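J.: just coords:
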């Protein structure tokens with residue numbers, strides 16, 4: 001599991017990034033000032049650092065400079081500053097990428113994945129797949145197989161069934177599923193979940209007696225695995 005260090009003095013931003021990044025399967029640590037960033041970096045040994053520039057104690061440029069004295073760990077600078085000078089300075093100090101606030105969390109995750117693929121540091125390039133009797137859910141290739149036969153499944157349905165099946169017997173509320181599958185910046189109706197579950201049930205009905213996509217009345221849904 002690749003490890004990401006998030007450094008920002010805004011605790012709300014840190015929490016939002018942490019939730020999104022952990023959802024993608026990464027391990028995270030958070031630091032809120034420059035000195036804490038350096039001590040956490042030494043103890044955590046991350047595979048990538050998300051580093052804000054405007055920090056207490058030591059600013060992001062100083063932190064970047066110190067990290068580069070001992071490590072080639074990828075660094076993505078995150079800042080409200082958008083001037084060309086700031087970008088050039090960050091890159092000259094050894095940053096690998098530069099993102100200006102406000103940013104989309106999905107963009108941050110995409111940049112993390114791109115840099116880790118490029119640097120070969122990502123251990124998470126393993127197959128994202130879960131299998132049960134007569135069912136294979138491969139999120140790496142976005143392929144659903146029922147009794148060995150590929151079934152045409154839209155991306156969001158794939159993500160939903162993968163999320164449920166990766167957590168067998170765990171009950172999720174509709175709001176949890178909207179947050180964790182659709183994303184924290186999604187503001188749609190919770191009935192969206194019901195529609196996707198209905199479509200999945202049509203594809204999976206009668207496939208096996210050992211598992212089922214179940215409604216937990218008054219709560220939400222679960223992927224039930226039976227003994």
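T.: Perfect, I can see it now. Computed from a predicted structure; not experimentally measured.
J.: any stretches of this structure with poor pLDDT?
T.: 81-91, 120-127, 183-188 (pLDDT under 70).
J.: doesn't residue 63 make contact with residue 37?
T.: Yes: judged on CB atoms under 8 Å, residue 37 makes contact with residue 63 at a distance of 5.0 Å. C-betas here are computed from N, CA, C, even on glycine.
J.: buried ones in the host helix or strand of residue 221?
T.: In this structure, residue 221 sits in strand 220-225 according to DSSP states H and E. By neighbour count, with 16 or more other CB atoms under 10 Å as the criterion, the buried positions of strand 220-225 are 220, 221, 222, 223, 224.
J.: who touches both of residue 37 and residue 63?
T.: When contacts are counted by CB atoms under 8 Å, 6 or more residues apart in numbering, the set common to residue 37 and residue 63 consists of 7, 51, 55.
J.: tell me which of those fall in helices.
T.: Among the shared contacts of residue 37 and residue 63, no residue falls in helices (DSSP state H).
J.: closest to residue 168 out of those?
T.: Residue 168 lies nearest to residue 7 out of these, by CB to CB, at 35.5 Å.
J.: how much space between the closest one and residue 51?
T.: 5 Å (CB to CB, to the nearest Å).
J.: what do those two both touch?
T.: Here residue 7 and residue 51 share the contacting residues 37, 60, 63, scored by CB under 8 Å, 6+ apart.
J.: ok, so of those, who is nearest residue 161?
T.: Nearest to residue 161 among the shared contacts of residue 7 and residue 51, counting by CB to CB, is residue 37 at 38.6 Å.
J.: let's verify the closest one: helix, strand, or coil?
T.: Following DSSP: H, G, I helix; E, B strand; the rest coil, we place residue 37 in the helix state.
J.: how about the spatially most central residue of the chain: what's its closest non-neighbour residue?
T.: Nearest to the geometric centre of the chain sits residue 24, at 2.5 Å (CA atoms, centre = their mean). Excluding its sequence neighbours, the residue lying closest to residue 24 (CB to CB, 6 or more residues apart in numbering) is residue 109, at 5.4 Å.
J.: in contact with that neighbour, which residues are there?
T.: Here residue 109 is in contact with 20, 21, 24 (CB under 8 Å, 6+ apart).
J.: buried sites along the helix or strand encompassing it?
T.: Element membership for residue 109, per DSSP H and E: helix 105-119. Neighbour counts over helix 105-119 (16+ other CB under 10 Å) mark 105, 108, 109, 111, 112, 113, 115, 116 as buried.
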